[in-house]
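> just to be clear, the model below is a prediction. Sequence and coordinates:
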Amino acid sequence: MSVMRVARVGAAAAVVALLAVAGCGTKADTEDPSDASPGQSRSQASASQKPTSTAVRLPPPHAGFDYQIGGAYPPPRGVRVVSRDRTASPAPGLYNICYVNAFQAQPGDEKTWPADLLLRDHSGEVVVDQDWNEALLDIGTAAKRARVATRINQWIDGCAAKGFDAVEPDNYDSYTRSDNLLSAQDATDFITLLSAHAHARHLAIGQKNTLGLAGQRKRIGLDFAVTEECGQYDECAAYAKAFDNHVVDVEYTDSGLRKALAGYGDRMSIVRRDRDVSTPGNPGYVRRTT
């Protein structure tokens with residue numbers, strides 16, 4: 001279950017240019033939409049609610065980081081920030097980010113979603129992210145966005161009830177794999193709903209990848225970034241600028257780690273993991289910070 005997408009959306013230079021226009025300087029979760037929420041929301045966010053992060057705590061900057069969405073294990077010495085799947089428990093005493101697959105259905109879970117909430121092409125076939133065999137969720141109308149958000153917000157409630165500090169909604173960029181059936185506006189409108197709800201639960205919310213939309217992050221209520229291979233793809237500078245250095249980065253190659261550390265090792269939280277984000281004891285397990 002590799003977490004880095006095979007296809008990248010544009011070159012780094014093009015993305016940085018898109019950020020300027022916008023006004024600015026992957027898979028381990030086993031989610032089941034039919035799961036009952038571990039906790040009930042104390043404050044339900046409406047579609048018109050403006051996101052506010054005044055009551056949330058951001059990840060500490062330039063901190064020891066571990067990406068554990070492939071399975072939880074005791075954090076290595078020096079780790080202060082950890083990201084884990086929503087089905088796991090947070091690590092005591094650390095800053096914990098809760099991973100949620102928010103824009104696509106896990107393989108096999110598409111059957112648990114109402115049929116009309118799965119994105120369909122003009123022939124009525126479900127649109128699938130071929131890299132991960134995940135059906136895209138249909139967030140193309142306000143009514144459907146609200147219905148999908150109701151389910152995702154139950155998972156966010158669960159993150160809050162368990163004691164996580166933040167949430168990481170994955171596949172923000174699903175619109176780029178929708179055969180033009182979804183737009184960037186659909187994506188930002190949807191994540192605005194999630195941001196408002198997360199903040200109502202006193203959770204910070206991170207933007208996962210999708211650099212081309214980072215220039216809108218303040219307007220839609222995104223607090224920090226969770227990036228994959230910003231060093232490898234020369235994107236760290238743009239993320240650091242857009243998020244005021246509040247960035248946690250996962251690299252999957254030694255060369256990417258070297259590049260990320262060389263440029264931003266004194267500003268961002270950076271870790272090298274294996275692509276399957278496996279656990280210690282697994283033959284493929286890799287975790288390095290230097």
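Okay, I see it. Residues are numbered from 1 along each chain as shown.
> helices along this protein, start to end?
12-22, 142-162, 184-200, 217-220, 236-242, 254-264 (DSSP state H).
> now do the contacts for residue 245.
Applying C-beta atoms under 8 Å, 6 or more residues apart in numbering, we find residue 245 in contact with 61, 62, 264, 267, 268. (C-beta placed from N, C-alpha, C; glycine too.)
> buried members of these into ChimeraX, please.
Filtering those down to the buried ones (16 or more other C-beta atoms under 10 Å) takes a single ChimeraX command:
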select :61,62,264,268
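> go through the contacts of residue 245 and say which is closest to residue 132.
Nearest to residue 132 among those, counting by C-beta to C-beta, is residue 268 at 26.1 Å.
> that older thread, quick one, which of the helices of the chain is nearest to residue 98?
Comparing the helices of the chain under C-beta to C-beta, the one sitting nearest is helix 142-162, at 3.6 Å.
> I'd like the distance between the residue sitting furthest away from the middle of the chain and residue 273.
The outermost residue of the chain, judged against the average C-alpha position, is residue 123 (30.3 Å), by C-alpha atoms, centre = their mean. Per C-beta to C-beta, to the nearest Å, residue 123 is found 39 Å from residue 273.
> can you pull out the strands in the stretch 1-150 of the chain?
Using DSSP state E, counting those that start in this stretch, the strands of the stretch 1-150 of the chain run over 64-68, 79-85, 95-101, 128-129, 134-135.
> got CSV for these, with mean pLDDT too?
Listed next are those as CSV, based on pLDDT from 0 to 100:
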stretch, mean pLDDT
strand 64-68, 98
strand 79-85, 98
strand 95-101, 98
strand 128-129, 96
strand 134-135, 97
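> single out the most deeply packed of the ones you listed.
strand 95-101 (a mean of 27; mean count of other C-beta atoms under 10 Å).
> that one pairs with which strands, parallel or anti?
Here strand 95-101 has these sheet partners by DSSP bridges: strand 79-85 (parallel), strand 166-170 (parallel).
> I'd like to know which of these is closest to residue 233.
Closest among the strands paired with strand 95-101, using C-beta to C-beta: strand 166-170, at 17.7 Å.
> just want the angle from that closest one to strand 64-68.
Here the directions of strand 166-170 and strand 64-68 differ by 50 degrees (axes from the mean of the first three to the mean of the last three C-alpha atoms, to 10 degrees).
> hang on, residue 268 packs against residue 247?
Yes: counting by C-beta atoms under 8 Å, residue 247 is a contact partner of residue 268 at 4.4 Å.
> who's in contact with residue 113?
Contacts of residue 113 (C-beta under 8 Å, 6+ apart): 33, 105, 135, 137, 151.
> state the pair within the residues you listed that is farthest apart.
135 and 151 (13.8 Å).
> reformat the strands of the stretch 1-150 of the chain as CSV; add distance to residue 110.
CSV is the format used below for those (distance: least, C-beta to C-beta, whole Å):
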stretch, distance to residue 110
strand 64-68, 26
strand 79-85, 19
strand 95-101, 12
strand 128-129, 9
strand 134-135, 4
